[in-house]
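# Return atomic coordinates for the entry below.
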Amino acid sequence: MSGPAHDHPHAFGGLHAREREGLVVASRRGMLKASLAGLAGLTLRDLLRLRSTATAAGVRAPGSKSVILLWMAGGPSQIDTWDPKPDRPLENRGPFGTIATKLPGVRVCEHLPRQAAMLDKFTIIRSVDARHSNHEPNKVMQTANLDAEPRVSPSKDLYPAIGSIVAKHHGANAPGIPPYIAFQTSRSHVAYAGHLGRQYDPFIANQACKLPMVDLVGKELGKTSPAGFFQLPRGMDQDRLGSRRALLDDLDSLRRTLDHSADVAAMDRYGREAIELLVGRRAREAFDLEREPQAVRDRYGKHLWHQQALLARRLVEAGAAFVTLDLSYHTASGTWDNHGDNIPPYGGISKGLRPLLPLFDHLITTLVSDLDERGLLDDVLVIAMGEFGRTPRMGTQGSTDGRDHWNAVMSMCMAGGGLRHGQVIGSTQSDGGHIKDRPVTPSDLAATIYRHMGVPLDATYQDPDGRPMFIVPDGGEPLAELF
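Just a heads-up that it's a prediction; the model follows:
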């Protein structure tokens, strides 16, 4: 189901952790080799440095704010979700009816009844400017940088994800948990750290938890993912790893055999904390759904996306700062890429989008309600969006009711974060194809997230040539309506 957790080299590749000594021989050295290779993907070292520096300077450690991004990979249709046009001809309005919501005068798709009933807890944005955005890879909306357009920009992979910026400037909310975590169906669906460095890449959660496995169209395969990240080599157990002195002695010995790179130097300073992450309980327990009461697990449901949503709540509760859910079965352009039934496997609006909406409706409302009941909703900002909208006219590419890519405008929604909700921001023209008022740019969305997370809006990072790059490009501003 999922792509590889890391498809690029990391600092500990020279350890050859997958060779016999690393995964078969029951030795402490072998365990250390496998652990260090895993930690290279866990993105911990700079988090530890950030927290250590803050403590030494007498600065308050990062707070408890966090973000859950529900990434609707493929691009959901704005007209068939949050910006319906019920008075338009069929080829424009689509096959779905509309329903009234908790907000007077606001209607949404009939297949979102639970969200409609609690829309006072949400903000719908109907005027998101998605120009330049595309997918495979999905970069512009997840980085806020228009130059990250994946089909034309050779530097598309160099612009850091918003989640990576949060990991660098905010860090995790508790030790022993990665700051930026992603459930990744495909490497092309999730933005990574780029210029910031691999230490701010997302920790790929698929490797750390047991989840139902599905095929490319969402059919369950009758088995679960192995959750191999926390599995130790044969002959090793948590009790044996509790011998800190012997463990660190071996770490020192192994360290002397490594090149003195910057990454290894970081391990010199933070080896104790890094090993504690691997052998500690916080992350391992956060990823363990069996620790959740059965009633709560039943409330979320057994569907893959619902299980991931429950894990997202557990992860932010444990201390993660940014969690992305890749809501797609398909590893190519994404399950929400509803071109038409003649372009399998995505389907059109009737057969492709219709089955997704009740799943999403249950997911987002259950997640928001659960966060609210636990007193977490003011701290956790929930965002649901894709990379662009869909054409206002159906029947594209010779289909019956498919809609092609349309980046002139898209819709999205938000909840939580202690922001002012119960409103609709912006509007589109009568056919839903272009922005009528209040355009919202990717940079505006990033600024809104950074304001929520306490990240300085004027912060910069350096490109390889040493030039400063603003984390909020193109003059983006937080959405004033929300604050």
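# isn't residue 93 right next to residue 85, touching?
Yes - with contact defined as Cβ atoms under 8 Å, residue 93 and residue 85 form a contacting pair (4.8 Å). In short, each C-beta sits where N, CA and C put it, glycine included.
# shared neighbours, the two?
Residues touching both residue 93 and residue 85 (Cβ atoms under 8 Å, 6 or more residues apart in numbering) are residue 79.
# right, and residue 327 touches residue 72 too?
Yes - between residue 327 and residue 72 there is a contact under Cβ under 8 Å: 5.4 Å.
# Look at those two and report which has more neighbours.
Neighbour totals were compared for residue 327 and residue 72, and residue 327 leads with 28 against 24 (other Cβ atoms under 10 Å).
# List the residues that contact the more buried one.
Contacts of residue 327 (Cβ under 8 Å, 6+ apart): 70, 71, 72, 73, 305, 335, 336, 360, 363.
# Now do the first one: how many residues are near it, please.
The reference is to residue 70. Neighbours around residue 70, by other Cβ under 10 Å: 24.
# What strand or helix carries it?
strand 66-71 (DSSP states H and E).
# buried stuff in that strand?
66, 67, 68, 69, 70, 71 (16 or more other Cβ atoms under 10 Å).
# could I get those as JSON lines with pLDDT?
JSON lines is the format used below for the buried residues of strand 66-71 (pLDDT from 0 to 100):
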{"residue": "66", "pLDDT": "98"}
{"residue": "67", "pLDDT": "98"}
{"residue": "68", "pLDDT": "99"}
{"residue": "69", "pLDDT": "98"}
{"residue": "70", "pLDDT": "98"}
{"residue": "71", "pLDDT": "98"}
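# Report the rounded mean pLDDT for stretch 111-123.
What stretch 111-123 shows for mean pLDDT is 98.
# Quick one: end-to-end distance for it.
End-to-end distance of stretch 111-123 (Cα to Cα, to the nearest Å): 18 Å.
# so which strand or helix has residue 450?
helix 442-453.
# same deal with residue 306?
With DSSP H and E as the test, residue 306 turns up in helix 304-318.
# the inter-axis angle of that helix versus strand 66-71?
On the basis of axes from the mean of the first three to the mean of the last three Cα atoms, to 10 degrees, helix 304-318 is oriented at 160 degrees to strand 66-71.
# which strands and helices sit next to helix 304-318?
strand 66-71, strand 180-183, strand 212-214, helix 282-286, helix 294-300, strand 322-326, helix 356-373 (3 or more Cβ pairs under 8 Å, 6 or more residues apart in numbering; DSSP states H and E).
# now it and strand 322-326, what's the angle there?
Using the same axes, to 10 degrees: helix 304-318 against strand 322-326 is 180 degrees.
# picking that back up, would you mind grabbing the residues shared as contacts by residue 327 and residue 72?
336, 360.
# from what I can see residue 420 touches residue 448, true?
No - using Cβ under 8 Å, residue 420 makes no contact with residue 448, being 11.8 Å away.
# Next, give phi and psi for residue 100.
phi -70, psi 160 (degrees, to the nearest 10).
# and the nearest residue to it once chain neighbours are set aside, how many neighbours does it have?
Excluding its sequence neighbours, the residue lying closest to residue 100 (Cβ to Cβ, 6 or more residues apart in numbering) is residue 107, at 5.9 Å. Residues lying near residue 107 (other Cβ under 10 Å) number 18.
# and the gap between the closest residue to residue 475 other than its chain neighbours and residue 188?
Ranked by Cβ to Cβ, 6+ apart and with sequence neighbours excluded, the top spatial neighbour of residue 475 is residue 443, at 6.9 Å. Distance of residue 443 to residue 188, given as Cβ to Cβ, to the nearest Å: 22 Å.
# And for residue 96?
Counting by Cβ to Cβ - residue 96 and residue 188 are separated by 29 Å.
# Sketch out the low-pLDDT regions of the stretch 101-250 of the chain for me.
231-250 (pLDDT under 70).
# what about the helices in it?
Assigned by DSSP state H, counting those that start in this stretch, the helices in the stretch 101-250 of the chain fall at 113-117, 140-143, 162-169, 238-241, 244-255.
# Tell me which other helices or strands the first one touches.
Helices and strands touching helix 113-117, by 3+ Cβ pairs under 8 Å, 6+ apart, are strand 98-100, helix 356-373.
# now what about that helix, what contacts it?
Contacts for helix 113-117 (Cβ under 8 Å, 6+ apart): 99, 100, 101, 102, 108, 122, 361, 362, 364, 365, 413.
# Can I get the strand holding residue 70 in CSV, CA atoms only?
Output in CSV follows, covering the C-alpha atoms of strand 66-71 (Å, rounded to 0.1, in the frame of the first residue of the first chain):
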residue,chain,number,x,y,z
SER,A,66,-0.3,21.1,16.5
VAL,A,67,-1.8,20.6,13.1
ILE,A,68,-3.5,17.6,11.5
LEU,A,69,-3.5,17.9,7.7
LEU,A,70,-6.0,15.7,5.9
TRP,A,71,-4.5,15.5,2.4
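# Report the angle between that strand and helix 442-453.
Going by the same axes, to 10 degrees, strand 66-71 makes 150 degrees with helix 442-453.
# let's number from 601 now, not from 1
Got it, first residue is 601 now, which makes that one strand 666-671.
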